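1. quick one: sequence plus predicted model below, questions after.
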Amino acid sequence: MSIIISCCLIVLGLVFRSWLEKVAPMFLSFNANYFGVFYLFSGLIVVVVCGYLAFSKYGNIRLGKDTEKPEFSTVSWISMLFAAGMAIGLVFWATAEPITHYLFPPQGEGATAESADTAMKYTFFHWGLQPWGLYGIIGLGMAYFQFRKGLPARFSSIFYPLLKEKIYGPIGNAIDIFVIIISAIGLANSFGLGALQISEGANILWGFSNTIAVSIVIIIIGTILFMMSAVTGLKRGIKYLSNVNMILALLITLFILFLGPTKHIIDVFITGTGSYISDFLSMSTRLAPFSNEEQNWISNWTVFYLAWWLSCAPFVGAFISRVSRGRTIKEFVLAVLVVPSLMCFVWFSVFGGAGIHLIHELGNTALGDIVSSNVTTALFAFLDYFPMSSLTSVLVMVLSLVFFITQADSGSFVLAMFSSGGNLNPPNKIKLIWGGVLFSYAIILVIAGGLETAKSVLIVFTSPLALLILLMYYAIIKGLVNDEPELNREYSEGEKEVS
């Protein structure tokens, strides 16, 4: 059924491509205005729930049997969840988002010291605890009910405390089908970003025209490569590619950190983190009802990001749960929320903080003009201000391609897992079928207007998911509370054994 619906959406997207391009902004405006509060509330409450679970009496529960050990080393585990979670978006927006916020802040005048501080604070907010909290709570719920309770690896299993055996019937199937479609669209959006990024790099370095045709060729090449990786399995393809991602990202980051304004970057990281923590609550609840300009900014950035994270959360959460067997809830929450968030803060401090420094302190306003006119060129234009820019630009393209392959590989793995009844090791043929579907979605989004159309489609489709996520929080808490007598008994027996 998921494949049938996906194919219907692909056909509709091709037939009504012009219509989609025209009406998508209207859907975006409607959903942002009337559902924005649900996105913001979902993002805020998830951080509260995750924090509670980590430091409550449930924190020592192991996601599996009490004697079970983790399947992957900590370094490989974090590499895989980070690569699946942020992937190409992290490269695409590395310099573009902080500079854009610096020039066009949500409030106040742009290109000032105040807007620079605001730019870093909001960039941290968009890539910090809330997206990782959404990934983490779904991953935690799936891991708990799969590995602790023996339920199938399906999104609907999280709702077992509420639905009981109905998760195996039409209601559970409807939930899974809806989540599969949302995940496929979210993945296609990431692939579109990756194609635009790599296409721009090829244009700058080798003079290839940055056209839709070039982007489609890149998507085709990336699809072939990730299908080759998909058939190698979880412990080879995805694991090795994730480790390569981390090494490449670390090398590029260290290069800019030590050859760029090192002290300034460190100051940006410390100040931005402090501002993010102190203003977290106000940013999480800000809707700006008396300022249309700021309200539009929140809709186009904060609401869009939360919708994007929501669309990716089911498949990223499911993938994280798959590789997190044997971890405790406390270990899981701290690793999934805190470690990747800090890594994102470092990344944007290096590329965004240094980019703003080039404009604000050194007067390189041309960089701001380039970012304003075309965000896909931002990172490559930024690298031109440093030595060996041709080499670093090639490394960025390779990093983008590897991120593309890794997320496509992990995404097709999860979609195959969901659509094969929760099989933890789905057949290769199902993974390849989903690879073809993702390829088709990405092509449609690129042809039908690129990033703006993708943003609109995402927000429209994820609005109902925001309500489903709120219900999911309750289901997870209810499941843990229902099992409390059993947990207390296990704890008492463990104390007796120690005595």
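-> Happy to help now that I have it. Quantities reported herein were computed from a predicted structural model and do not represent experimental measurements.
2. and the helices in the stretch 1-150 of the chain, which stretches?
-> Secondary structure of the stretch 1-150 of the chain (DSSP state H, counting those that start in this stretch): helices located at 2-15, 17-55, 74-85, 87-92, 96-103, 113-126, 129-143.
3. redo the ones you listed as JSON lines? Include mean neighbour count and mean pLDDT.
-> Backbone N, C-alpha and C define where each C-beta goes, glycine included. Below are these laid out as JSON lines (neighbours: other C-beta atoms under 10 Å; pLDDT from 0 to 100):
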{"stretch": "helix 2-15", "mean neighbour count": "15", "mean pLDDT": "73"}
{"stretch": "helix 17-55", "mean neighbour count": "18", "mean pLDDT": "79"}
{"stretch": "helix 74-85", "mean neighbour count": "22", "mean pLDDT": "76"}
{"stretch": "helix 87-92", "mean neighbour count": "25", "mean pLDDT": "79"}
{"stretch": "helix 96-103", "mean neighbour count": "25", "mean pLDDT": "96"}
{"stretch": "helix 113-126", "mean neighbour count": "22", "mean pLDDT": "96"}
{"stretch": "helix 129-143", "mean neighbour count": "27", "mean pLDDT": "91"}
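4. closest one to residue 167 among those helices?
-> Residue 167 lies closest, by C-beta to C-beta, to one member of the helices of the stretch 1-150 of the chain: helix 129-143, at 12.3 Å.
5. right, and the helix or strand after that closest one?
-> Using DSSP states H and E, the helix or strand that follows helix 129-143 in sequence is helix 160-163.
6. for the helix or strand following that next one, packing partners?
-> With elements assigned by DSSP H and E, the helix or strand that comes after helix 160-163 is helix 170-206. With contacts taken as 3 or more C-beta pairs under 8 Å, 6 or more residues apart in numbering; DSSP states H and E, helix 170-206 sits against helix 2-15, helix 87-92, helix 212-230, helix 304-322, helix 378-383, helix 389-418, helix 428-447, helix 451-482.
7. least trustworthy helix or strand in the chain by mean pLDDT?
-> Within the chain, no helix or strand scores below helix 484-498, which has a mean of 51 by mean pLDDT, DSSP states H and E.
8. returning to that earlier point: deepest-packed of the helices and strands packed on helix 170-206, please.
-> Stretch with highest mean neighbour count among these: helix 304-322 (a mean of 27; mean count of other C-beta atoms under 10 Å).
9. would you turn the helices and strands packed on helix 170-206 into CSV with distance to residue 367?
-> CSV is the format used below for those (distance: least, C-beta to C-beta, whole Å):
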stretch, distance to residue 367
helix 2-15, 36
helix 87-92, 16
helix 212-230, 24
helix 304-322, 23
helix 378-383, 6
helix 389-418, 13
helix 428-447, 26
helix 451-482, 20
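10. compare these and give me the one nearest residue 61.
-> The closest of the helices and strands packed on helix 170-206 to residue 61 is helix 451-482. By C-beta to C-beta, the value is 7.8 Å.
11. how about the secondary structure of residue 289?
-> On the three-state scheme (DSSP: H, G, I helix; E, B strand; the rest coil), residue 289 is labelled coil.
12. quick one: contacts for the residue lying closest to it once chain neighbours are set aside?
-> Among residues not flanking residue 289 along the chain, residue 295 sits closest, at 7.2 Å (C-beta to C-beta, 6 or more residues apart in numbering). Residues in contact with residue 295 (C-beta atoms under 8 Å, 6 or more residues apart in numbering) are 33, 287-289.
13. number of nearby residues for the residue lying closest to residue 149 once chain neighbours are set aside?
-> If the residues on either side of it in the chain are set aside, residue 149 comes closest to residue 160, at 7.4 Å by C-beta to C-beta, 6+ apart. Look at residue 160: counted by other C-beta atoms under 10 Å, it has 22 neighbours.
14. distance check, residue 160 against residue 131.
-> 26 Å (C-beta to C-beta, to the nearest Å).
15. what does residue 200 give?
-> Counting by C-beta to C-beta, the gap from residue 200 to residue 131 is 24 Å.
16. per-residue confidence at the residue nearest to residue 149?
-> At residue 160, the model reports a pLDDT of 93.
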